[in-house]
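Q: here's a sequence, model it:
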Amino acid sequence: MNKRTLHNLPVFFFCLILLSSTTDLHSQSGGYSYKMPDSSVIPPKRMQQYHEFLNNAYPFPAKPRNEWELGVKGGYTSGFTDVRNWGPTGGFGVHLRKALGYVFSLRAEYDWIRLRGLNYQYSSAYGKNPVLKAEYPPVAGVYQPIFYNYRSTVHELSLQGVFSINNINFHKAKTGWNMYLFGGIGAMTYSTFYKAVDANGTNYATQYADVITQFPAMDYKHRKDIRKALKDKLTGSWSTMAERGTTNATLGGAPLTAVGVAGIGFEFKLNNRFNIALEDKFTFTTTDLLDGQQWQNNYSGAAPQAIAQTRSADSYNFLSLGLNYNIGKHAVEPLWWLNPLDYAYNEINAPRHMKLPKPVLDDADGDGVTDQFDLEPNTPKGCPVDSHGVSRDTDGDGVPDCKDKELITPTQCQPVDADGVGKCPDPQCCKDLKAYIDSNGVGNRSKCNVGDLPSITFKGRSVTLSKDAQALLASTAEKLRNSPSCRIAVIGYGESSKAAQQLSWDRVNAVINYLVEKEGISADRFIFRYGQSGGEENTVDLKDGTGEEGPNTVPAPHPNLRKK
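A: Take a look at the predicted model:
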């Protein structure tokens, strides 16, 4: 007899289509379903990417931690074996699921399954089944007709890959339901029993003969009546252990076999913690003894040697309704509930992090005042102007400052020549002062007498001072104490990117913090320079600070202040 066809699946898929077409209330709500998370949900291994993204040094945000899903389920089971299904039967299960990305997740699941079967056509071809042969021995060399039945209890453990197919949307922020496909492998044990004898230990041969007399045709048309009559006759318990074959793999005394699972599911969100799931899982086994029958099921009194072994393995289906709970403290929702495109589209619509180009306003003469406000549209190049775009003339002598060789000409010395120079001679006091400055070099600072200053080397991307570096800084601090009027420049290198400049800042800050906090040197004696060119990026140089200037030169920051 062929295995039962999957005639109940169209009804199940109709239900799924009906559910998936319902109005999604959650999907109509506004706001971000995925926003840039705070650092508390970013794992340490992705923290560097997180900071680089915030500093516009890397284009992609870091993936956050996401919650685990713990679920329980229960539902209807049916077997697809050599013996027709005898329902209703059920099962329950529990699973733990973790997202590896926005589409793919892994799920470990345990299921307890109960299956039953009862044929409406009799068979006499059980001569190779040692259990039934013992319970129904041949009479005058002929095997009596019986009706195959079984009950099996299954324990299944599987690891599944789950693919979500509708959380990444291009036209709405988020969804309140999730459709997914899954498949995987696992193992299961099964314990199968027959109803072969009644409460008194007598087999059912007489009762089977009564049913055959009542329904001699044994056709499909009368199948329900036949099965009802058989159920009334089978009053005993499931007490006879079924044939188990010659398998060597067992667990707890029960046969152990490999399985493959596949299915489809729908989750419906209740809130950020709970959701319900409707799911159909089909399990393929590697055994033909789930129903206790592995021999050709003909209906004649064939001799045992004429009975062939069936070729197909048994399988079963589990249609369930479950409740799932998201667990996790410092984490976002499971990623299959989030739409990462929502963040990108909201950034395009209302930028919060995106770097926007500066607006371009015409300035024909390049003086920094746009043409619509410029009262002098043809200012010579390089001439400083006022807020109206007019060349500055500090002393009002008619010569713009950019051409005036005497920037402040006293009124009594005007008019001036073409270079803005008046005709008044310098007062004697000014001449005497100039001569004194020229002869004594007043205003020229001499370099500090602190000798050679060290370079501090860092390893990799570290900002921690080594023992050797601390010893060098202790020696430098002693020199500074002996030269209290000296200032030194602390110079870090690395201008290639925002990340390199940030690392340079952190290392210079670490050196100055050590000299201030550990050696007691005043912070105002340091010139803070970071992100410079012309040096090794893993090195911070200490130099005489006299006359030091240049880009990225700032006063020494407050200890532990980090560049933003």
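
Q: what about the helices in this structure?
A: Here the chain has its helices, by DSSP state H, at 9-20, 47-54, 130-135, 205-214, 223-233, 340-349, 428-440, 467-482, 498-517.

Q: average pLDDT for stretch 493-509?
A: Stretch 493-509 carries an average pLDDT of 90.

Q: can you check which of the helices of the chain gets nearest to Leu70?
A: Comparing the helices of the chain by their distance to Leu70 (Cβ to Cβ), the top pick is helix 9-20, with 22.7 Å. Every residue, glycine included, has its C-beta placed from N, CA and C.

Q: need the contact list for the residue lying closest to Gly101 once chain neighbours are set aside.
A: With sequence-adjacent residues excluded and distances taken as Cβ to Cβ, 6 or more residues apart in numbering, Gly101 is closest to Leu335, at 6.4 Å. Residues in contact with Leu335 (Cβ atoms under 8 Å, 6 or more residues apart in numbering) are Asn66, Ala99, Gly101, Tyr102, Ser105, Asn167.

Q: Ala62 now?
A: Neighbouring residues of Ala62 by Cβ under 8 Å, 6+ apart: Ile42, Arg46, Met47, Gln49, Tyr50, Phe53.

Q: list only buried entries from these.
A: With burial judged by 16 or more other Cβ atoms under 10 Å, the buried subset of the contacts of Ala62 is Ile42, Gln49, Tyr50, Phe53.

Q: hang on, the second one packs against Ala57?
A: No: counting by Cβ atoms under 8 Å, Gln49 stays clear of Ala57, with 9.6 Å between them.

Q: just the buried ones from the contacts of Leu335?
A: Using 16+ other Cβ under 10 Å as the threshold, Asn66, Ala99, Tyr102, Ser105, Asn167 are the buried ones among the contacts of Leu335.

Q: of these, which is the nearest to Ala474?
A: Closest approach between the buried ones among the contacts of Leu335 and Ala474, by Cβ to Cβ: Asn66, at 47.9 Å.

Q: tell me the contacts of the closest one?
A: So Asn66 contacts Lys98, Ala99, Gly328, Ala331, Val332, Glu333, Pro334, Leu335, Leu338 (Cβ under 8 Å, 6+ apart).

Q: adding pLDDT and distance to Lys233 as columns, could you present the residues you listed in CSV?
A: Converted to CSV, the contacts of Asn66 look like this (pLDDT from 0 to 100; distance: Cβ to Cβ, whole Å):
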residue, pLDDT, distance to Lys233
Lys98, 96, 51
Ala99, 95, 53
Gly328, 86, 55
Ala331, 89, 58
Val332, 90, 59
Glu333, 91, 55
Pro334, 93, 52
Leu335, 92, 56
Leu338, 89, 58
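
Q: the contacts of Leu335 into TSV, with extra columns for distance to Leu159?
A: TSV is the format used below for these (distance: Cβ to Cβ, whole Å):
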residue	distance to Leu159
Asn66	19
Ala99	15
Gly101	17
Tyr102	20
Ser105	12
Asn167	22
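
Q: need the max-distance pair from those residues.
A: Taking Cβ to Cβ, the two most distant members of these are Asn66 and Asn167; they sit 12.2 Å apart.

Q: not counting sequence-adjacent ones, nearest residue to Arg244?
A: Pro255 is the one closest to Arg244 (Cβ to Cβ, 6+ apart), at 5.6 Å.

Q: enumerate the beta-bridge partners assigned to that neighbour.
A: Residues in a beta bridge with Pro255, per DSSP bridges, are Thr250.

Q: could you give the bridge partners of the residue nearest to Asn85 when sequence neighbours are not counted?
A: Excluding the flanking residues, the one nearest Asn85 by Cβ to Cβ, 6+ apart is Ser78, at 4.8 Å. For Ser78, the beta-bridge partners are Asn317 (DSSP bridges).

Q: what about Ser78, distance to Thr213?
A: Going from Ser78 to Thr213 by Cβ to Cβ, to the nearest Å gives 31 Å.

Q: between these two, tell me which one has more neighbours.
A: Comparing Ser78 with Thr213 by other Cβ atoms under 10 Å, the one with more neighbours is Ser78, at 23 against 8.

Q: between the helices of the chain, which one is closest to Asp362.
A: Distance to Asp362, taken as Cβ to Cβ, is lowest for helix 340-349 among these, at 27.6 Å.

Q: so where's the stretch 401-550 of the chain shaky on pLDDT?
A: 425-426, 430-447, 546-550 (pLDDT under 70).

Q: hmm, try it at 90
A: The model of the stretch 401-550 of the chain has pLDDT under 90 over residues 401-453, 459-461, 469, 472, 479, 482-486, 494-500, 531, 533-537, 544-550.

Q: the stretch 201-350 of the chain too?
A: Along the stretch 201-350 of the chain, the model assigns pLDDT under 90 to residues 216-222, 236, 244-253, 294-312, 328-331, 338-350.

Q: which parts of it are strands?
A: With strands called from DSSP state E, counting those that start in this stretch, the stretch 201-350 of the chain shows them at 240-241, 250-251, 254-269, 274-285, 315-327.

Q: Throw those strands into TSV and include distance to Gln293 and mean neighbour count, thanks.
A: Below are the strands of the stretch 201-350 of the chain laid out as TSV (distance: least, Cβ to Cβ, whole Å; neighbours: other Cβ atoms under 10 Å):
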stretch	distance to Gln293	mean neighbour count
strand 240-241	13	16
strand 250-251	20	12
strand 254-269	14	18
strand 274-285	14	20
strand 315-327	14	19
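
Q: can you say which of the ones you listed is nearest to Ala364?
A: Closest to Ala364 of the strands of the stretch 201-350 of the chain, according to Cβ to Cβ: strand 254-269, at 59.1 Å.

Q: how far off strand 274-285 does that closest one point, in degrees?
A: Inter-element angle recorded for strand 254-269 and strand 274-285: 150 degrees (by axes from the mean of the first three to the mean of the last three Cα atoms, to 10 degrees).

Q: picking up where we left off before, and the contacts of Ala62, which is closest to Arg84?
A: Of the contacts of Ala62, the one sitting nearest to Arg84 (Cβ to Cβ) turns out to be Arg46, at 54.9 Å.

Q: hmm, Lys128 is touching Gln293, no?
A: No: between Lys128 and Gln293 there is no contact under Cβ under 8 Å: 10.5 Å.

Q: who's more crowded, those two?
A: More neighbours surround Gln293 than the other of Lys128 and Gln293, with 29 against 17 (other Cβ under 10 Å).

Q: and that one, how far is that from Ser533?
A: Counting by Cβ to Cβ, the gap from Gln293 to Ser533 is 83 Å.
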